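>>> Quick one, structure for this:
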Amino acid sequence: MRRLAGTFVGAVCAVVLLLVLLGAGGGTGGYRVRAIFDNAANVVSGEDVKTAGAVIGSVDSLDVTKDKRAVVVLKIDLRGFAPFRADAHCTIRPQSLIGEKFVECSTGSARAPVLPHIPNGQPGAGQHLLPVTGTSSPVDLDLVNDTLRIPFRQRFAILINEFGTALAGRGDELNQAIHRANPSLRDTDRVLAILASQNHTLSQLASESDRVLTPLAARRRQIGDFVQQANTTATATAERSADIVRSFQRLPSYLSQLTPTLTDLGRLSDDMTPVLIDLDRAAPSLARFVLELGPFSRAATPALRALGKSTDVGGPALVHADPLIRRLATFASQAHPVSTLLDRVTHSLDQTGGVERIMDYLFFQMLSVNGFDGISHYLRAELLTNLCSQYAHVTAPGCSANFRATKSIGGSAAAQKVNPFQVAAAGKPAPTGGKGGGTAGKPRSGSGLSATGTTDITKLRNDSTQRIRAGVANGSPAYGPSSSQDALLNYLLGNN
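Prediction:
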């Protein structure tokens, strides 16, 4: 019992799988086209529907419209041929000599809209309507031959004679019927309309063709050779057709990879446009520069040769200078903190006006020590007149400046000699031991030396101070006497 149930379940699954595979095999299932024909004689259900010789479906059913036209419902089984477009066209053609028919259709171009659905409540609701303008019903050859036999020939003559009366005023309808009956006439009209719209171009082609063909006629051998070479090229291309096919197969992936590069190149070209415009404006100047660069390069040739010779000499010097350069590099690295602090100091001085304040100090300091009276500029300074005012290379009595060791000065002439430079500083000539009658080492009266041989420094300083005060009290010779207050102001501000 279990085996029977398992077998039944397996059979059901196999049937379902078969149905699924058949449904996924490319069929559309429910795509139907309701085509309207003027005449669908000898067409029955089940006839083939073809496109370019390939069977894509079959005739599903037949019907008649209210205006007495044939309705042929086409069932499209192959998914790749659906949907039909608005410019689709179907015609009925003979399939065999025994009167079988088939419907040949072209599904239309991809840029045209699809056929519209028939709304609910109308015949063929849900189907896709192909109007009579998109169909044709050619006349069979046997029917044409029947018109040549008696009595059909006589009857056809009667029909033609009576057509004048029957079709009077209905020429447009007759013209439409003839065009739908024979698609070649309609296509011929399209071709003639295109040629009529291009008649001016065709006339130019006829007139200009002589100009083109005349030089070609003079070079017939070259043209013949071109045809032969083209044949050779075509033969080689045919031999490599498989490689060419693979190249075209790889072309989409190559184009997809090339698209980002082309996009970046487009952006680059957009960004380079201003640069190229400026370069175009600068082109004349660049041309002149290039022209003038020739004499410059010729004049620079000797200098470059001399530079090459100098490099031969300077090369070893640079090699020997390598240790110095390394030391300089070490010094630079170690001086970096100092230079950083110095940069901060100079920056601070620059930001706070420190440099200007230093210059102001120097300026006002010079003004404070520099004066101007009625005669000229003068420098405010204090002159000290004593025995230490003159240069001496030995120790002078009463002055031991710039000498580390000091000795007591004795009173005998033999133990100590007076330097003539120090004596001259005291205002007296140097003593001599000759016939001048002077005793060596004995100071004269009024020489400023004490009885013990020392200089009365205090007395000399007091005398100098009194003379300065007397000069200040007397004033400048140009301005006359002045008070002590005027002298103080002249000292501080300058007498101008």
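
>>> show me where pLDDT drops low in the chain?
The model of the chain has pLDDT under 70 over residues 1-29, 179-184, 374, 382-387, 389-392, 396, 398-457, 460-461, 464-465, 467-496.

>>> how does it divide into domains?
The chain breaks down by automatic domain parsing into domains covering 25-138, 146-197, 200-239, 339-372, 374-402+416-429+452-496.

>>> Span of the fourth one from start to end?
Counting by CA to CA, to the nearest Å, you get 44 Å between the two ends of domain 339-372.

>>> got the buried residues for that domain?
residue 371 (16 or more other CB atoms under 10 Å). Bear in mind the C-beta positions are built from the backbone N, C-alpha and C, glycine included.

>>> that older thread, which one of the domains of the chain lies closest to residue 267?
For residue 267, the closest of those is domain 25-138, at 31.1 Å, according to CB to CB.

>>> which outside residues touch the top strand by length along the chain?
Taking DSSP state E as the criterion, the chain has its longest strand at strand 54-64. The contact list for strand 54-64 (CB atoms under 8 Å, 6 or more residues apart in numbering) reads 32, 40, 43-50, 70-78, 81, 103, 105, 123-124.

>>> Among those, name the ones in helices.
Cross-referencing the contacts of strand 54-64 against helices under DSSP state H gives no overlap.

>>> What subset of those is buried?
32, 40, 43, 47-50, 70-78, 81, 103, 105, 124.

>>> follow-up on the earlier one: in its sheet, which strands sit next to the longest strand of the chain, and in what direction?
strand 48-51 (antiparallel), strand 70-76 (antiparallel) (DSSP bridges).

>>> And the strands in the stretch 251-400 of the chain, which stretches?
370-372, 377-379 (DSSP state E, counting those that start in this stretch).

>>> and stretch 111-122, which residues are buried?
Buried-residue list, stretch 111-122, by 16+ other CB under 10 Å: 115, 118.

>>> Show the end-to-end separation of it, please.
End to end - CA to CA - stretch 111-122 spans 28 Å.

>>> still on that earlier bit, in TSV: the strands paired with strand 54-64, plus distance to residue 329.
Formatted as TSV, these follow (distance: least, CB to CB, whole Å):
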stretch	distance to residue 329
strand 48-51	86
strand 70-76	87
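
>>> hang on, the earlier thing: please work out which of the domains of the chain is packed deepest.
Highest mean neighbour count among those (mean count of other CB atoms under 10 Å): domain 25-138, with a mean of 16.

>>> Pull the distance from it to the chain's centre.
58 Å (CA atoms, centre = their mean, to the nearest Å).

>>> ok, back up a step: for residue 145, which of the strands of the stretch 251-400 of the chain is the nearest?
strand 370-372 (142.8 Å).

>>> what helices or strands is that closest one leaning on?
Helices and strands touching strand 370-372, by 3 or more CB pairs under 8 Å, 6 or more residues apart in numbering; DSSP states H and E, are strand 377-379, helix 484-493.

>>> Pull up the pairing partners for the shortest one, direction included.
Meaning strand 377-379. strand 370-372 (antiparallel).
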